[in-house]
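Student: Here is a sequence together with a model predicted from it:
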Amino acid sequence: MSSFNRKGGFDPLDLEIIDLVFEVAWARFEALEPDRDRSNDDERATALREHIFALAGCAPVEFDALSEKVLASNTQKVAARSL
């Protein structure tokens, strides 16, 4: 578990965990949508990252808890929302 920065931002460990959660969620999205139009992947990735940061909130970031929240929130729909 990492700690939340008092200045209102995420500390480096939180950001590393968020990045790992993104990688897991993106891999799941790619597996579920292998035939997608990849020209929109940048927008989809941005939408997914924003969703993950929103779910991370302002509490300490834990990989397992955040990963479960993100995967339960149906990452396929989140990534497709940007279109």
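Tutor: Looks like it arrived, so ask away.
Student: Show me which positions of the lengthiest helix in the chain end up buried.
Tutor: Counting by DSSP state H, the longest helix found in the chain is helix 12-32. For helix 12-32, burial by neighbour count (16 or more other C-beta atoms under 10 Å) applies to 14, 17, 18, 21, 22, 24, 25, 26, 28, 29. To be clear about C-beta, it is placed using only N, CA and C from the backbone, and glycine gets the same treatment.
Student: quick one, helices of this structure?
Tutor: Remark: helices assigned in the chain by DSSP H are 12-32, 41-56, 63-72, 75-80.
Student: now those as TSV including mean pLDDT?
Tutor: Shown next, in TSV, are the helices of the chain (pLDDT from 0 to 100):
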stretch	mean pLDDT
helix 12-32	94
helix 41-56	93
helix 63-72	93
helix 75-80	63
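Student: quick one: the longest helix of the chain to chain centroid distance?
Tutor: Here helix 12-32 is found 5 Å from its chain centre; the criterion is C-alpha atoms, centre = their mean, to the nearest Å.
Student: what's around residue 41, how many residues?
Tutor: By other C-beta atoms under 10 Å, 16 other residues sit near residue 41.
Student: Just list the residues touching it, thanks.
Tutor: Neighbouring residues of residue 41 by C-beta atoms under 8 Å, 6 or more residues apart in numbering: there are none.
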